[in-house]
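**Student:** sequence plus predicted model, see below.
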Amino acid sequence: MIDPLPTRAALATLLAIHLLMLFALYTETAPHPPPTIPLFALGPFLTAVIAIGCATWMMAGRPGATWLSVVTAILAMVSLGPQKYVDPAFAEIWPAVITGQVAIFVLLAQALDAFRTRTKAQADVTT
């Protein structure tokens with residue numbers, strides 16, 4: 001079984017960043033995310049990321065949680081992915097971006113480790 005502690009630490013990091021981004025958006029505290037992006041309004045999206053992150057936290061270490069971790073990481077990349085390096089506000093937001101990217105990396109690394117462990121266990125059972 002994979003230790004859920006690194007996953008929960010990464011989730012706590014992403015949840016804190018997204019909660020503060022949502023707070024900055026609603027209070028218009030600079031630098032805040034734009035209210036909308038071409039695909040959707042950002043407030044509901046950030047809320048969805050927070051909700052899925054909370055669900056992932058609750059499920060950490062249980063079956064199915066690995067996929068939730070991957071979904072959480074992918075959704076977090078919309079806000080904190082490599083596209084932020086060319087964002088005009090990067091000079092102001094880089095600490096959150098870099099910290100978020102480290103947390104995303106931890107989630108994906110933990111998920112990969114869980115998939116490998118599961119695949120190895122299944123191979124051992126069939127042989």
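**Tutor:** Sure thing, it's come through. Residues are numbered from 1 along each chain as shown.

**Student:** distance between the worst-scoring helix or strand of the chain on mean pLDDT and the chain's centre?
**Tutor:** Scoring the helices and strands of the chain by mean pLDDT, DSSP states H and E places helix 90-126 at the bottom, with a mean of 90. Here helix 90-126 is found 10 Å from its chain centre; the criterion is C-alpha atoms, centre = their mean, to the nearest Å.

**Student:** who does it touch, helix- and strand-wise?
**Tutor:** helix 5-27, helix 65-80 (3 or more C-beta pairs under 8 Å, 6 or more residues apart in numbering; DSSP states H and E). C-beta here means a position set from N, CA and C on the backbone, and glycine is covered the same way.

**Student:** the longest one to helix 65-80, inter-axis angle?
**Tutor:** Put plainly, it is helix 5-27. 40 degrees (axes from the mean of the first three to the mean of the last three C-alpha atoms, to 10 degrees).

**Student:** residues in contact with helix 5-27: which ones?
**Tutor:** Here helix 5-27 makes contact (C-beta atoms under 8 Å, 6 or more residues apart in numbering) with 29-33, 35, 42-43, 46-47, 49-50, 53-54, 56-57, 60-61, 65, 69, 72, 76, 79-80, 96, 99-100, 102-104, 106-107, 110.
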